[in-house]
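Q: Turn this into a structure:
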Amino acid sequence: MKRFLVSFTAFALVACLAVAGVIVLLNKVSTPATAAQRCTAQAQGQSWSLDPDQSRLAALIGIRAMERGMPARAATIALATAYQESKITNINYGDRDSLGIFQQRPSQGWGTREEVTDPVYATDAFYDVLAKVDGYESMAVTKAAQAVQRSAFPDAYADHEDMGRVWASALNGYSQASLTCILDPVADGDPHTPAEFKKILKTDLPQATASTIDAQEGQLAVEVDPERAAKKLNLGATQASRVGWAIAQWAVATAHATGATSVSFEDMRWDRDGGTWSVVTNTTDRVVVAFSR
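A: The predicted structure is shown next:
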């Protein structure tokens, strides 16, 4: 009996090792190159990463607060809420009839199924209610988010406050050159164009206007005037640099969707090839976003 147990144990161990080997091999074979793609925001010694699809939605949520004249704190609350509710993913399922980024329920008056699964509508709906919460700017994230969402687990929002704060800081221009993305190269024949960038910018930040400029180094490019945007946002020209950094880092966070190959502002440039910001000598007071031909 003892010999049987030893033999069986040895056989089971060999079988487990064989299965593990197959799993490792399959992981090596089937893991796509895009698995390493990620966007990272850093501030105050903290670093938080999202995948490109999450980053696209986080960019919308983060900069939409500025578009609406709300403080970065509002974006912190919204981002923490979205991560807790859906991991910042536009999902079409949830508890009962909850849907979308914020898991809003049509049966509770948030809108139709189509509306709450529209990221722009869902984000604006969240901010609409948050803006009516008296003193939300100084509230704990859990309390402010709960006033909007009425969750069964309100304390869970606090788990994502640091992430929300770091991303909100970058997407509202308070942390400069702090949001980076490591992305795959733009594929040959990729349909992304400056026109698509303009369309997405108009959706997320209507007060900013992108203009096509002369090709540079064999690329197509657009530029955004942050001073003009700051004035249209009623922030004044003195906030042009902050607005510029908000737009520049929004452009990096959405680069996977737009196909942008570089983003330049002031004396810094993010390049898709390296995935980081670097100092450049040719400074610009416009946000310049380049694309491959």
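Q: residue boundaries of the helices in the stretch 51-200 of the chain?
A: In the stretch 51-200 of the chain, the helices defined using DSSP state H, counting those that start in this stretch lie at 52-67, 72-86, 113-116, 119-131, 141-149, 161-171, 194-204.
Q: buried stuff in the last one?
A: So that's helix 194-204. By neighbour count on 16 or more other CB atoms under 10 Å, the buried set for helix 194-204 is 194, 197-198, 200-201, 204. Quick note: C-beta positions are derived from backbone N, CA and C, even for glycine.
Q: if we can go back for a sec, put together JSON lines for the helices of the stretch 51-200 of the chain, with distance to residue 97 and mean pLDDT on each row.
A: Putting those into JSON lines (distance: least, CB to CB, whole Å; pLDDT from 0 to 100) gives the following:
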{"stretch": "helix 52-67", "distance to residue 97": "21", "mean pLDDT": "98"}
{"stretch": "helix 72-86", "distance to residue 97": "14", "mean pLDDT": "97"}
{"stretch": "helix 113-116", "distance to residue 97": "8", "mean pLDDT": "92"}
{"stretch": "helix 119-131", "distance to residue 97": "14", "mean pLDDT": "98"}
{"stretch": "helix 141-149", "distance to residue 97": "15", "mean pLDDT": "94"}
{"stretch": "helix 161-171", "distance to residue 97": "26", "mean pLDDT": "98"}
{"stretch": "helix 194-204", "distance to residue 97": "26", "mean pLDDT": "94"}
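Q: which ones are touching the residue nearest the centre of the chain?
A: Of all residues in the chain, the one closest to the mean position by CA atoms, centre = their mean is residue 55, 2.3 Å from it. Residue 55 is in contact with 38-39, 181, 253-254, 256, counting by CB atoms under 8 Å, 6 or more residues apart in numbering.
Q: Kindly report the same for residue 196.
A: 258-259.
Q: again, only using 6 Å
A: Residue 196 makes contact with residue 258 under the criterion CB atoms under 6 Å, 6 or more residues apart in numbering.
Q: Check the spacing between it and residue 237 real quick.
A: 30 Å (CB to CB, to the nearest Å).
Q: likewise residue 243?
A: From residue 243 to residue 237 the distance is 10 Å (CB to CB).
Q: Please report phi then psi for residue 105.
A: phi -110, psi 120 (degrees, to the nearest 10).
Q: so is residue 284 in a helix, a strand, or just coil?
A: When classified by DSSP: H, G, I helix; E, B strand; the rest coil, residue 284 comes out as strand.
Q: Run through the bridge partners of it.
A: residue 266 (DSSP bridges).
Q: what's the burial count for it?
A: If you count neighbours by other CB atoms under 10 Å, residue 284 ends up with 15.
Q: how much space between it and residue 249?
A: Taking CB to CB, one finds residue 284 at 15 Å from residue 249.
Q: cool, and residue 209?
A: Residue 209 is 18 Å from residue 249, by CB to CB.
Q: Out of the buried residues of helix 194-204, which comes closest to residue 223?
A: Of all the buried residues of helix 194-204, residue 194 has the smallest distance to residue 223: 10.0 Å, by CB to CB.
Q: so the closest one touches residue 212, yeah?
A: Yes - counting by CB atoms under 6 Å, residue 194 touches residue 212, with 5.4 Å between them.
Q: shared neighbours, those two?
A: If you check residue 194 and residue 212 against CB under 6 Å, 6+ apart, the residues they both contact are residue 222.
Q: what's the neighbour count on residue 129?
A: 15.
Q: so it touches residue 148, yeah?
A: Yes - taking CB under 6 Å as the definition, residue 129 is a contact partner of residue 148 at 4.7 Å.
Q: shaky segments in this protein?
A: 1-35, 94-95, 189, 191, 215-218 (pLDDT under 70).
Q: one more time with 50
A: Applying pLDDT under 50 to the chain flags residues 1-34.
Q: per the record, what domains does it have?
A: For the chain, the structural domains run 40-171, 189-292, going by automatic domain parsing.
Q: of all the ones you listed, which lies closest to residue 177?
A: domain 189-292 (4.0 Å).
Q: I appreciate the help and will end here.
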